[in-house]
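Asker: Need coordinates for the following:
(one chain, ligands or ions: 1)
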Amino acid sequence: MQKKIYLDNAASTKVDERVLKEMLPYFNKVYGNASSLHQWGQDARAAVDLAREKVAKFLNCSPEEVIFTSGATESDNFAVLGVILASNKEKKHIISSPIEHHAVEETLKFWKEKGLLDSYSLVSVDKYGIVSPKDVEKAITPDTILVSIMYANNEVGTIEPISEISKIAKKYNIIFHTDATQAAGYLDCNIEKLGIDLLSLSGHKIYGPKGIGALYIRKGTCINRIQIGGSHEFEMRAGTENVPGIIGLGKALELVMEGRKERNEKITKLRDKLISGASIKIKNSHLSGHPKKRLPNNANFAFENVEGESIVMSLDLEGIASSTGSACTSKSLKPSHVLLAMGISAELAHGSLRFTLSKDTTERDIDRVLKVLPKIITRLRKMAPTKLNSKH
Ligand code: PLP
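Answerer: Alright, predicted model coming up:
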């Protein structure tokens, strides 16, 4: 039987064995509530404290600046709504980009519709999905309370110039948030070097568990809590701590820092082999995102005259996991907002296919994809009822 090949690591990763091993005792041995005074609780508290120190080390911040959440969706919501609630400006305006994850994009839309946010500007991106710091500066108004630009994009892997953007935000005394969910596994997340006030993280994108994340909050940042109840997480996020998840996130980030450079080099090499192989073997294919300023594990293509969903399903039958930006998640077959914002036509965006490699991806895996994928695309193109417009 063929080995299964999982190349959808931007969606979720396999929990590293070392992470799992550290988490397991916290399900059925050290299972106390970390707020309890007895030994069971105190042991859990000590482990949470240690994990918080590991996250703080990863970010180069102090442990009190790390707030555990249920994942990056919550962290993004916390950053956006928390800053809106804390601001005492009469009118509130936020700057973001059109390629943010829905956790930011939809949150902005929602609070504007509800009237808590007066307006927001989405600065445009270039054909690679890069935000221009100058455009961010131009969008600033006296009412701007927050700039939120992601560190690296989840669909095309493009890395944003966040240090430059953070300098601009600082110049105007505006809070700067970055969603580092996809970047955390590969890029330096030193908040001092990057000049960040708020940063979102998630466990399951970095070989950690699902349902755990964190929001870094720079000391002194004007932000409200959004989840109310007990006094957990320095009174910033109520709810009994997800102790196994927190242990897992701490360990996952510790492992990210070990041998990151070599791991990135290895993955980049395989990714480049996949990109050049696919470009040579498959006619009328385009790489989406920046050729160099992209996450080491991301290869995102747009293939003309073929549907991304059909490719994903055909690859799945071959035991290969991939993803498409043309997912028919709701009733409408809407192409990815990221690809459209980059100026890719709706027709071409429908033929998008994303592979995201992991630390465990091998050269044989890539060879197999390069053998299978061209055949699938040729077959699907033959079946296509009409030729789609291929304007890039
Ligand atoms: N932000 C980005 C950039 C993401 O890629 C994701 C997940 O795909 C999220 C936020 C949401 O993360 P979570 O699944 O932890 O809620």
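
Asker: Low-confidence regions, the stretch 201-350 of the chain specifically.
Answerer: 326-333 (pLDDT under 70).

Asker: repeat that with 50
Answerer: 329-331 (pLDDT under 50).

Asker: the helices in it, which residues?
Answerer: Under the criterion DSSP state H, counting those that start in this stretch, helices of the stretch 201-350 of the chain are mapped to 232-235, 243-257, 260-281, 308-317, 337-341, 346-349.

Asker: Switch those helices over to JSON lines; also include distance to Pro374 and mean neighbour count.
Answerer: C-beta here means a position set from N, CA and C on the backbone, and glycine is covered the same way. Converted to JSON lines, the helices of the stretch 201-350 of the chain look like this (distance: least, C-beta to C-beta, whole Å; neighbours: other C-beta atoms under 10 Å):
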{"stretch": "helix 232-235", "distance to Pro374": "50", "mean neighbour count": "16"}
{"stretch": "helix 243-257", "distance to Pro374": "34", "mean neighbour count": "25"}
{"stretch": "helix 260-281", "distance to Pro374": "4", "mean neighbour count": "16"}
{"stretch": "helix 308-317", "distance to Pro374": "11", "mean neighbour count": "18"}
{"stretch": "helix 337-341", "distance to Pro374": "22", "mean neighbour count": "20"}
{"stretch": "helix 346-349", "distance to Pro374": "18", "mean neighbour count": "20"}
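
Asker: Figure out which of those helices is closest to Asn88.
Answerer: helix 232-235 (19.8 Å; C-beta to C-beta).

Asker: In CSV, list the C-alpha atoms belonging to the closest one.
Answerer: Extracted C-alpha coordinates of helix 232-235, given in CSV (Å, rounded to 0.1, in the frame of the first residue of the first chain):
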residue,chain,number,x,y,z
HIS,A,232,-7.9,33.6,35.6
GLU,A,233,-5.0,34.7,33.4
PHE,A,234,-4.3,37.9,35.4
GLU,A,235,-8.0,38.8,35.1
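
Asker: Give me the neighbour count for the residue in the stretch 1-150 of the chain that the ligand sits nearest to.
Answerer: Nearest to the ligand in the stretch 1-150 of the chain, going by C-beta to the nearest ligand atom, is Gly71, at a distance of 2.8 Å. Neighbour count for Gly71, taken as other C-beta atoms under 10 Å: 23.

Asker: Which residues are in contact with it?
Answerer: Gly71 is in contact with 202-204, 210-213, counting by C-beta atoms under 8 Å, 6 or more residues apart in numbering.

Asker: coming back round to it: could I get the helices of the stretch 201-350 of the chain as JSON lines with distance to the ligand?
Answerer: Formatted as JSON lines, those follow (distance: least, C-beta to the nearest ligand atom, whole Å):
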{"stretch": "helix 232-235", "distance to the ligand": "17"}
{"stretch": "helix 243-257", "distance to the ligand": "11"}
{"stretch": "helix 260-281", "distance to the ligand": "17"}
{"stretch": "helix 308-317", "distance to the ligand": "16"}
{"stretch": "helix 337-341", "distance to the ligand": "10"}
{"stretch": "helix 346-349", "distance to the ligand": "18"}
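
Asker: Write out the residues of the stretch 1-150 of the chain neighbouring the ligand.
Answerer: Residues of the stretch 1-150 of the chain lying near the ligand by C-beta under 6 Å from any ligand atom: 71-73, 76, 101, 103, 150.

Asker: Repeat the analysis, applying 8 Å as the threshold.
Answerer: Taking C-beta under 8 Å from any ligand atom as the contact definition, the stretch 1-150 of the chain meets the ligand at 10-12, 70-76, 100-104, 150.
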